[in-house]
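In: Below is the sequence, then the predicted model.
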Amino acid sequence: MTKDAPVFDGDSRAARREACVAVEEFNADYCAVLDDGDLMDWPDFFTEDAFYNITSRENFDHGRPVGLVYCEGRGMLKDRALAIAKTSMFGPRYLRHYLTNTRVTGIEADGTICATVNYILIETLAELPEGRLHQAGRMIDRFVPQPGGGLLLSSRIAVYDTLLVPNALVLPV
Amino acid sequence: MTKDAPVFDGDSRAARREACVAVEEFNADYCAVLDDGDLMDWPDFFTEDAFYNITSRENFDHGRPVGLVYCEGRGMLKDRALAIAKTSMFGPRYLRHYLTNTRVTGIEADGTICATVNYILIETLAELPEGRLHQAGRMIDRFVPQPGGGLLLSSRIAVYDTLLVPNALVLPV
Amino acid sequence: MTKDAPVFDGDSRAARREACVAVEEFNADYCAVLDDGDLMDWPDFFTEDAFYNITSRENFDHGRPVGLVYCEGRGMLKDRALAIAKTSMFGPRYLRHYLTNTRVTGIEADGTICATVNYILIETLAELPEGRLHQAGRMIDRFVPQPGGGLLLSSRIAVYDTLLVPNALVLPV
């Protein structure tokens, strides 16, 4: 086994704990980029062939391959980020992520980490300064350990429980 | 000391950290079962003689032994789960747990872990698709390490700050 | 290097993880004190010359040195705690903290830990028993490791996204 091999080579309890810490670090960095509004940096958290989807719990439970946002490949993520960055001429609008209940549900033979995490997204608008619940749900993820350390997402499916999305402009979560 | 002895045999800072990780893993699994609606699996997280209570902060602070849900022993938990599973003929209703601020407040001589955690419960109803705060409070717990690894709850008291519980049907938290 | 030297002497990934665990423990204890209403114990979490500020994201982003609460030195924190404890003759009012997304952004040469964490504050009033979002934002912190173990805050800036603060009485967060 070389130094470049995946670090999570096994699916023991110890490996899952180590993976859980790495996933929590990744998610905190990922959310900070979106919370700060640095949308153009967002695609860098994904692998070249990554899958990204924001979908309702109802659609997800019924296996319907649709979503508010549906991207295959980092190229589509970049297009999406660019489109939003260019068109989002809105007043002050803040979004903040709160991630809890991280679970590593498995580590595959190639080191891929399967994990889930619950999320809350709080939105603050100029016309709604007290803030409100924008989205609540669960992310279902696949992380690929990288040679130099760190992780990249090969798949992120954000499944929201809240059935109404108040704003027309759909930002990534 | 045999292999079956409690793993958290001491109350050092290192033992509390180890216990804290185990508690966080337990709670993430526990919440996933409730969030997925697998109510019949819920009693399996408790010891045979476990105590379970959902009560208001006001009642808790005044030492009143009452609650929305009050169960002594796993048998009562199973009855409760069965009753809800049989009667809950409602439209789509999602509940999701968000647990933060895990604290191990002590480890007793027999290995029992005393811990607390803050919780938010977000509820989504068909007629309330944007979601809302259902409950917010703190869980006060006692965990018993099991011979094969892992933990079971010997006591969980969910103390809610929010004084109104919007829904008549009280699900476990 | 003596036993009294800072424990986080370096800025490696391992040191940051260790620091992250220490910060999470600190924050859970800190919030428990405020959630329990033990306001007089709150200044003990800070160094003698600590800086404490609660300010809006708008002011923070524009570098304006103002805030809802602005304290320089533990003496001012104690004055503040005392003033609130003496004047807060209100009905039942609960506040609960939910901290997520802890990030250690750096460890300085003297061991000082730079970290951020997202926070939600849920408020429950007698006349608002269902609870509501009181504040949502991010804390930007500096922690100084102490000789006997543990940390103290040398600076905490709570930057809230939510632009309206519903209550006149401003408690620390």
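Out: All right, it came through fine.
In: Skipping adjacent residues, who's closest to residue A:10 in space?
Out: residue A:107 (6.8 Å; CB to CB, 6 or more residues apart in numbering or on different chains). (C-beta placed from N, C-alpha, C; glycine too.)
In: Tally up the residues packed near the one you found, please.
Out: Residue A:107 is flanked by 23 other residues according to other CB atoms under 10 Å in any protein chain shown.
In: For it, name its beta-bridge partners.
Out: residue A:113 (DSSP bridges).
In: shaky segments in chain A?
Out: By pLDDT under 70, the weakly predicted segments of chain A are A:1-9, A:88-92, A:166-169.
In: go with 90
Out: Low-confidence segments of chain A, defined by pLDDT under 90, span residues A:1-11, A:58, A:65-69, A:83-93, A:125-130, A:148-149, A:162-172.
In: how far off helix C:13-35 does the longest helix seen in it point, in degrees?
Out: Ordering each helix of chain A by length in residues (DSSP state H) puts helix A:13-35 first. With axes from the mean of the first three to the mean of the last three CA atoms, to 10 degrees as the criterion, the two stretches helix A:13-35 and helix C:13-35 enclose an angle of 70 degrees.
In: measure residue A:153 to residue B:107 for me?
Out: 37 Å (CB to CB, to the nearest Å).
In: Residue A:61 now?
Out: Plainly put, residue A:61 is 40 Å away from residue B:107 if you go by CB to CB.
In: how about the longest helix of chain A, does it reach chain C?
Out: Yes - using CB under 8 Å from any CB of the partner chain as the criterion, contacts between helix A:13-35 and chain C involve A:21, A:25, A:27-29, A:31-32, A:35.
In: how about stretch A:139-155: buried residues?
Out: Of the residues in stretch A:139-155, those with enough neighbours to count as buried (16 or more other CB atoms under 10 Å in any protein chain shown) are A:139-145, A:151-155.
In: With stretch A:68-86 instead?
Out: For stretch A:68-86, burial by neighbour count (16+ other CB under 10 Å) applies to A:68-69, A:71, A:73-74, A:76-78, A:80-81, A:84.
In: If we only consider these, which is nearest to chain B?
Out: Out of the buried residues of stretch A:68-86, the one with the shortest distance to chain B is residue A:68. That distance is 14.0 Å, counting by CB to the nearest CB.
In: just checking, the closest one touches residue A:59?
Out: No - with the criterion set as CB atoms under 8 Å, residue A:68 and residue A:59 do not qualify as a contacting pair; they are 9.7 Å apart.
In: Need the overlap of contacts for those two.
Out: With contacts taken as CB atoms under 8 Å, 6 or more residues apart in numbering or on different chains, not a single residue reaches both residue A:68 and residue A:59.
In: Looks like residue A:137 contacts residue A:163 (just checking).
Out: No - with the criterion set as CB under 8 Å, residue A:137 and residue A:163 do not qualify as a contacting pair; they are 10.4 Å apart.
In: interface residues of chain A facing chain B?
Out: With CB under 8 Å from any CB as the criterion, chain A meets chain B at residues A:13, A:17, A:20, A:57-58, A:98, A:100-103, A:116, A:118, A:120, A:133, A:136-138, A:161-164, A:166.
In: Buried ones from the residues you listed, can you make that a ChimeraX selection?
Out: A single ChimeraX command is used to select the members of the residues of chain A next to chain B judged buried by 16+ other CB under 10 Å:
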select /A:17,20,57,98,100,101,102,103,116,118,120,133,136,137,138,161,162,163
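In: now, which of the residues of chain A next to chain B lie within strands?
Out: When those are checked against strands using DSSP state E, the ones located there are A:98, A:100-103, A:116, A:118, A:120, A:133, A:136-138.
In: I'd like those as a markdown table, with distance to chain C appended.
Out: Putting these into a markdown table (distance: CB to the nearest CB, whole Å) gives the following:
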| residue | distance to chain C |
| --- | --- |
| A:98 | 5 |
| A:100 | 6 |
| A:101 | 10 |
| A:102 | 10 |
| A:103 | 15 |
| A:116 | 15 |
| A:118 | 10 |
| A:120 | 8 |
| A:133 | 8 |
| A:136 | 12 |
| A:137 | 15 |
| A:138 | 14 |
